[in-house]
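S.K.: A predicted structure for the sequence below; I have some questions about it.
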Amino acid sequence: MVVIFRDDFETNDFSAWTSTTGSPIIVTSPVHHGTYAASFNADSTYIIKMIPSTNEIYVRLYVRWDSFTLNQYFIFSQVVDSITLNKLAGPYIFNDGGTIKWGQATFVGGYASSTQRTGATINTWYCIEVYAKASLTDGAAKMWVNGVELTDITQTGVNTIATSFDTIRVGQRESTYAVTNIIDCVDVANNYIGCERRFLPLIRNMNPRFTSRTLQHM
């Protein structure tokens, strides 16, 4: 796996990012781990990272938020082609008549809410990963929640119009209600990233011969 970009906000600023929109801030609580995370409290408040143009990418982040409003949603990440402005992958959370649904917004498929996995809790960290592939014939978009792919909203073999993308947006986009969301531990890579291995201390306790270093070399 080649890591294209990584930021856990431990510099206490957005210096690793290309630009900001709105008024995102750095906070010390809550954080997924470390000392700092990024907070977004209004629609069209986000941070932007320009990356080398590519047609295939994975983006993994941790997100939590503080409220749900009936029949409202917000998008917390987007993979974008800066030339056509096509959005190839945009994970969101949606309160659908009282049922909390995960979904993904794409230029080709519009808003697709998963029925495979429903339910989410405010003030709880979730590991979200998306995959985007730009192609006129074989484009694709996938999404994972806590390491589980939501296969019922996977798109493959589609025309994405754009043939590449070069922009990652993280924060709050197209929000339809007042919510504050926190994001931490953003990774961008050319292969599947997966959730962080926070279970390692448990494995080590079960078998004292196993350590984090052991598993990293298996």
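M.R.: Received it, and whenever you're ready, just let me know what you need. Residues are numbered from 1 along each chain as shown.
S.K.: what about Arg197, how many neighbours?
M.R.: Per other CB atoms under 10 Å, the neighbour tally for Arg197 reads 11. Every C-beta, even on glycine, is put in place using the N, C-alpha and C of the backbone.
S.K.: again with Cys185
M.R.: 21.
S.K.: pull the contacting residues for it.
M.R.: Residues in contact with Cys185 (CB atoms under 8 Å, 6 or more residues apart in numbering) are Asp8, His32, His33, Arg60, Leu61, Tyr62, Glu196.
S.K.: got a winner among those residues for most neighbours?
M.R.: Highest neighbour count within these: Leu61, with 24 neighbours (other CB under 10 Å).
S.K.: tally of neighbours for Gln72?
M.R.: Residues lying near Gln72 (other CB under 10 Å) number 16.
S.K.: and Ile168, by the same measure?
M.R.: Neighbours around Ile168, by other CB under 10 Å: 26.
S.K.: OK, contacts around Ser53?
M.R.: Ser53 is in contact with Ser164, Phe165, Asp166, counting by CB under 8 Å, 6+ apart.
S.K.: 10 Å instead?
M.R.: Applying CB atoms under 10 Å, 6 or more residues apart in numbering to Ser53 gives the contacts Asp81, Ser82, Ile83, Ala134, Thr163, Ser164, Phe165, Asp166, Thr167.
S.K.: and for Thr11?
M.R.: Listed by CB under 10 Å, 6+ apart, the contact set of Thr11 reads Ile26, Tyr36.
S.K.: go on, the one 4 residues further on?
M.R.: When the contact criterion is CB under 10 Å, 6+ apart, the partners of Ser15 are Asp7, Phe9.
S.K.: tell me what Ile128 is bridged to.
M.R.: Under DSSP bridges, the beta-bridge partners of Ile128 are Leu61, Val145.
S.K.: that one reaches Gly103, doesn't it?
M.R.: No. When contacts are counted by CB atoms under 10 Å, Ile128 is not listed as touching Gly103 (11.3 Å).
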